[in-house]
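Colleague: output the structure for:
(one chain, ligands or ions: 1)
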Amino acid sequence: MSFLFEQVIFGPIRSRRLGLSLGVNLLPIDAKICSFNCLYCECGFNTTMHEFPFPTREQVAEILETKLKQMVAGGDIPNVITFAGNGEPTLHPQFEEIIDDTIVLRDRFCPTAKVSVLSNSTRIHKPHIFKALNKVDNNILKFDSAIDRTMKLIDQPVGKHINVKWLVEQLRRFDGRLIVQTMFIRGEYNNEAFDNTTDVEVEAWLNAMEQIKPQQIMIYSLDREAPVKNLQKVNVDALNLIAEKARSRGFEVSVAG
Ligand code: SF4
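Modeller: Okay, the predicted model is just below:
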């Protein structure tokens, strides 16, 4: 069974890594809409819909303001406001304006909180998305494999323009102002096996990281139920080995096992 966020604002959730995190879902509450269709997505496969009832910019600002006022009055100062949710947040037509509003609200109610965006990198070529992501504190961008066949199999991009070369070129444009997030996973889909933890995969991935130069790398494996059955979680020891290789090349790496 997949999991959909039922509200624009969710949480706050307390985690050891992030502290108190308030989530923002800019996607429709009853559908999953994304420019990838990752085999491991905890929200399930994309919903086939033609009309997308995104929350408006005004609704998001109002709900966020109410929630932040409430939290601050109760002494719960969020450590981070995270844009994630039922799909790709940058698909919202007013993504940049919403980021601007969020920064204003953050500065007013909880200036120490960081604004984070979890994006799949497919829309960073759009000037307004690139500009918006440059304004946030944690610009967290997905890069699951440096080998086209694997990336296309695991992430199932919807747009034809997405390939590894394109992704590396676009991610390099941030000049290091980004955090790369990579899901390590093994499995099979439509009789095609994949494993982005092999030596060849990890070497290609490290070479891509050297070109992209992220300020940090976050690696993880399956956490929740996925829409595809034949997927295997990569254990924390294997993730740590990959992390060590990246650290030996000078990267700061966090592992969520
Ligand atoms: S990019 Fe994120 S939201 Fe989109 S399909 Fe992949 S895991 Fe799901």
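Colleague: what sits against the residue of the stretch 151-257 of the chain found nearest the ligand?
Modeller: Nearest residue of the stretch 151-257 of the chain to the ligand: Asp155, at 6.3 Å (C-beta to the nearest ligand atom). From N, CA and C alone the C-beta is placed, and that goes for glycine too. Asp155 makes contact with 36-39, 120, 142, 144, 162, according to C-beta atoms under 8 Å, 6 or more residues apart in numbering.
Colleague: okay, now the domains of this structure?
Modeller: As given by automatic domain parsing, the domain ranges for the chain are 1-142, 143-257.
Colleague: got these as JSON lines, with mean pLDDT columns?
Modeller: Shown next, in JSON lines, are the domains of the chain (pLDDT from 0 to 100):
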{"stretch": "domain 1-142", "mean pLDDT": "92"}
{"stretch": "domain 143-257", "mean pLDDT": "96"}
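Colleague: circling back: can you narrow the contacts of Asp155 to ones near the ligand?
Modeller: Checking the contacts of Asp155 against the ligand by C-beta under 6 Å from any ligand atom, the ones in range are 36-38, 120, 142.
Colleague: would you list the phi and psi of the residue of the stretch 151-257 of the chain closest to the ligand?
Modeller: Backbone geometry at Asp155, expressed as degrees, to the nearest 10, gives phi -90, psi -20.
Colleague: Asp144 against Asn196, yeah?
Modeller: Yes: taking C-beta atoms under 8 Å as the definition, Asp144 is a contact partner of Asn196 at 6.4 Å.
Colleague: between these two, which contacts overlap?
Modeller: 150, 154, 182-183, 185.
Colleague: among these, which are in helices?
Modeller: Counting by DSSP state H, the shared contacts of Asp144 and Asn196 place 150, 154 in helices.
Colleague: SS state for the nearest residue to the residue of the stretch 151-257 of the chain closest to the ligand once chain neighbours are set aside?
Modeller: Using C-beta to C-beta, 6 or more residues apart in numbering and skipping the chain neighbours, the partner closest in space to Asp155 is Phe36 (4.6 Å). Using DSSP: H, G, I helix; E, B strand; the rest coil, the structure places Phe36 in coil.
Colleague: each with direction, which strands does the helix or strand where Ala193 lies pair with?
Modeller: Following DSSP states H and E, one finds Ala193 within strand 192-195. Looking at strand 192-195 with DSSP bridges, its partner strands are strand 185-189 (antiparallel).
Colleague: for the ligand, what are the nearby residues on the stretch 101-250 of the chain?
Modeller: 120, 142.
Colleague: can you name the residue of the stretch 101-250 of the chain nearest the ligand?
Modeller: For the stretch 101-250 of the chain, C-beta to the nearest ligand atom, closest residue to the ligand: Asn120, 3.5 Å.
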